[in-house]
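> Next come a sequence and a model predicted from it.
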Amino acid sequence: MGAVSHSLCLALVVCLSGVASAAQKPGDKHSAAHNLDYGEGLYHYYQGDYAEALSTLELARQQGGISGHGHYPELMRAGMYLAYGMTAKARAEFAAHLGQGEAPEVRDTAHFYLARLSYQAGDYPAAANHLQALEGALPASLQDEAALLAVHLRIQTQGAPSLNSAQSLLEPLTDNTYLALLNLGNSASRAGDPIRAQSYYKAMLEAEPPEDKNRVEEYLAVRDKTYTALGYSYLGQRDYASAKAAFREVRLDNALANRALLGYGWAAASYHDYVLALKPWQALRQRSLLDPAVQESLLAVPWAYEQIDATGAALGAYRESEQLLNTELANLDTAIGAMSREALLAQLTGDAPHPSLNSAPGTLKQNWLTLDSVSVMSSDLTYLDGLLISDEFQAQVQSLRDLLALADKFDHWRHKLAIYGQLLEEKRSRRAARAQQVADSGLLLQPAELMQERDQLANTLAQVRQERDVLALAEGDIAALYQRLQNAEAALQRLAGSGRAPADAAAKLKLYRGILTWQAEQNFAHNTWQIQKRLHQIDTTLEQSQTRAASIQKLLAEDPDIDADLARLAQISQQNSQQLAELRSAINARAEALANTLTEHLQGHRARLNDYLAQTRLSIARLLDDAYRADTPTDGPQLPEVAQ
Amino acid sequence: MIRILLLLALCLGAAPVFAQASADDAEALKQSALNLNRDLLILEEELLYPPNSQVAVYLSMDVAEYFALDAVKLKIDDTFVAAELYSEKQVDALIRGGIQKLYIGNVKSGSHEISAFFTGIGPQGQPYKRAAAITIDKSTAPVVLELKIVDSTAKLQPVFEIKQWEL
């Protein structure tokens, strides 16, 4: 399920990301998202970090949602849940977008994915209902997928109709036409209707190849499968010439050719052309024994030699098969012995895991994981390729990989949280040291002292105003002249007893005082207002200082923010540890189960090879026995001396 | 014999049930992990980057016909605070509409100059280096900036902008 889910989710992302047109594909250019959270979610998603992508979108939802993209981010999130193997959550999120209040394309997209999920769960009526609910507003890149789903649904519920009747099913298809025709043909073939199957196969082969160069390889792979299926269909009808012609069209440079080579040989052997049959079979036995077709060739080649009375060659081929099987069984035993939970986890987390266990790059793929296309026995795990390509196994591996990635993430959080705890403790220490420093310097007492000074100033001002002491507030030249006047008056007083003071000095000084007083009187109101203004400013500043000092005093006394942060940190650290423990436990259990599955698969393969080995040995014994009984062996081997 | 057949049928029937239970368990585990990861992200941001000092810088690419991004450096006042060399996968994610959170950090209140330096391959296939700068006035609200690489079809050149988001 996960395999298909991932590719489909990518298609969803392609449709819904940014304001791109729905027809775009991966690699096409898109506009950047209009919302930063949404864009960040997409960025993580395209990096393959689904957990971070979903966390980002969930965080955005919690903080008020994502604006500027309508309901697409919610559909995107549902698609990401689907890609992340959380199908129940994805189903719930898609189901929330079926209402009439949604835009038709949103509703259709939700219906399509729900149809897909229902189909994968085997709930075909529900899948059909969702497909029927489509209103023609499905994004273009999903329309082909929906058409293919309709074909598969038809196959599952009613089997393949005749090619003519299937036109309504086939018409909406574009890129998936080839695959649909092949699958319809295979369905008809399984139902025992080779004529109908052949009509589909031929329709596929007559279809125009794709113009898009990126799709040519996929087309050729489907074509190879179709020719192979067509060949076997003819073989079943004893139309050997047509079968050979079909098998001959299959490309030989890939693993898909094995069944075609085997079929070609059987087609030739069916009309007793064993020499011709030997050619493909001999080529086949050079390939990996993982393939059942190759395993069958181990017996087919010597059998063909026997049919042309080349007994010696037959015996040689049987012995060669025996040797190949023995080697393969020894390798298998090594692989079974090495298979364990730890080995599997090492493969998944190692620097160079087996290619079959690698995540697919962020492009459209049939499966979540890439499959090693090289079929040589380069490592023990190549024995498992047959199992590894199955969607169910790959979904299990992907789930395990997801859990491993999460465990890794929370392990990082564990380290970070420890550091944050240290930071807060250091902050507390620094604060204590600073508090001591503040206490020692009496900094927090200064506002109160300044307030006292301010009060004295206010009292002085009040007294000046009350007594209307205009010269007390004099400024500038008047203040300087007043100072000189006071000095002169003091000097006059000192000279008063000596008789040396000028006679009119006192009168002049009195006149000057009068003039200065008159001048100061002119500015008294302004000067009073200026001082009052300054006093207000001082009041405001002192008030702020006092508030700040009180706040600092309280902070120093209680440490409320640090305590709260530390408590929160301790709580979430505990949750993190619990989560990590649960993840590790789940990882171990799943890895154990997967290792057991793999071991069972290897043992099944071993049993099959053992059967072939037994048949091979039996044939060798039979040939030796025949040779022993013969009077004059022709090209057969010389029998060994039998020890008495 | 009948007992064996019944047992076999039970085992075969039980296998999908166990598989479904396992899938359900995995989904529940993932959900709780996602919730916790979200809470951890919130805590980290609140703890390390309080709004009154927070500055976050994002990077986006609006199409990329005229510029292939190699690296971005970010400077706040006189200090380089972030540098990123971009892999093919990262560039692909940006081209497909993703936005990268390039930097999150703290600055004091007041005026700050934020500069970004972009290097890559330009329209003629030549090495291309450009810069963009903005002066921000940091108050008690967080500052969010977006470094935007935009294709200018009129100039047939990439344009580098810094947008300040209003929060």
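Sure thing, it's come through. Residues are numbered from 1 along each chain as shown, chains lettered A, B, ... in the order given.
> Outline the domain layout of chain A.
Annotated domains of chain A cover A:1-158, A:442-496+A:503-558 [automatic domain parsing].
> so which of those domains gets nearest chain B?
Of all these, domain A:1-158 sits nearest to chain B, with 2.7 Å by C-beta to the nearest C-beta. In this view, the C-beta of every residue, glycine as well, is placed from N, C-alpha and C.
> Which strands and helices lie in contact with the one helix or strand B:V81 maps to?
Taking DSSP states H and E as the definition, one finds B:V81 inside strand B:79-85. Where contact means 3 or more C-beta pairs under 8 Å, 6 or more residues apart in numbering or on different chains; DSSP states H and E, strand B:79-85 is packed against strand B:68-76, strand B:100-106.
> Which of the domains of chain A has the lowest mean pLDDT?
Sorting the domains of chain A by mean pLDDT places domain A:1-158 lowest, at a mean of 80.
> So what's the gap between it and the chain middle?
Offset of domain A:1-158 from its chain centre (C-alpha atoms, centre = their mean, to the nearest Å): 15 Å.
> What helix or strand is B:V159 located in?
Using DSSP H and E, B:V159 sits within strand B:157-165.
> Next, the buried residues of stretch A:104-117.
Within stretch A:104-117, the residues that count as buried by 16 or more other C-beta atoms under 10 Å in any protein chain shown are A:105-117.
> who touches A:A146 in this structure?
A:F112, A:A115, A:L131, A:L134, A:L138, A:P172 (C-beta atoms under 8 Å, 6 or more residues apart in numbering or on different chains).
> Give me the next element, helix or strand, following the strand or helix carrying it.
Per DSSP H and E, A:A146 falls inside helix A:140-158. Beyond helix A:140-158 in the direction of the C-terminus, DSSP H and E gives the next helix or strand as helix A:167-170.
> Kindly export that following helix (C-alpha atoms) in PDB.
Taking Å, rounded to 0.1, in the frame of the first residue of the first chain, the C-alpha atoms of helix A:167-170 are listed here in PDB:
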ATOM      1  CA  GLN A 167     -13.600   1.300 -24.600                       C
ATOM      2  CA  SER A 168     -15.400   3.500 -22.100                       C
ATOM      3  CA  LEU A 169     -13.000   2.400 -19.500                       C
ATOM      4  CA  LEU A 170     -10.000   2.900 -21.800                       C
END
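> Kindly calculate the angle that whichever helix or strand comes after it makes with helix A:140-158.
For helix A:167-170, the following helix or strand on the C-terminal side (DSSP H and E) is helix A:177-190. Angle between the axes of helix A:177-190 and helix A:140-158 is 10 degrees (criterion: axes from the mean of the first three to the mean of the last three C-alpha atoms, to 10 degrees).
> If you count neighbours, what's buried in helix A:177-190?
Residues A:177-189 are the ones in helix A:177-190 that count as buried (16+ other C-beta under 10 Å).
> Now do that helix: which elements does it pack against?
So helix A:177-190, by 3+ C-beta pairs under 8 Å, 6+ apart, packs with helix A:140-158, helix A:167-170, helix A:194-206, helix A:216-236.
> A:A395 contacts A:G85, correct?
Yes: the criterion here is C-beta atoms under 8 Å, and A:A395 meets it with A:G85 at 6.7 Å.
> related to what we said a few turns ago, quick one: buried residues of the helix holding A:A146?
For helix A:140-158, a neighbour-count test (16+ other C-beta under 10 Å) marks A:141-155 as buried.
> and B:D137, backbone torsions?
Main-chain torsions, B:D137, degrees, to the nearest 10: phi -110, psi 100.
> Now do the contacts for the residue nearest to it when sequence neighbours are not counted.
Among residues not flanking B:D137 along the chain, B:S111 sits closest, at 5.5 Å (C-beta to C-beta, 6 or more residues apart in numbering or on different chains). B:S111 makes contact with B:T135, B:I136, B:D137, B:K138, according to C-beta under 8 Å, 6+ apart.
> what about the helix or strand where A:H44 lies and chain B, any contact?
If you go by DSSP H and E, A:H44 is part of helix A:36-46. Yes: applying C-beta under 8 Å from any C-beta of the partner chain, one finds helix A:36-46 touching chain B at A:L36, A:Y38, A:G39, A:E40, A:L42, A:Y43, A:H44, A:Y45, A:Y46.
> List only buried entries from those.
When the residues of helix A:36-46 next to chain B are checked for burial by 16+ other C-beta under 10 Å, the buried set is A:L36, A:Y38, A:G39, A:E40, A:L42, A:Y43, A:H44, A:Y45, A:Y46.
> Right, I'll call it a day here.
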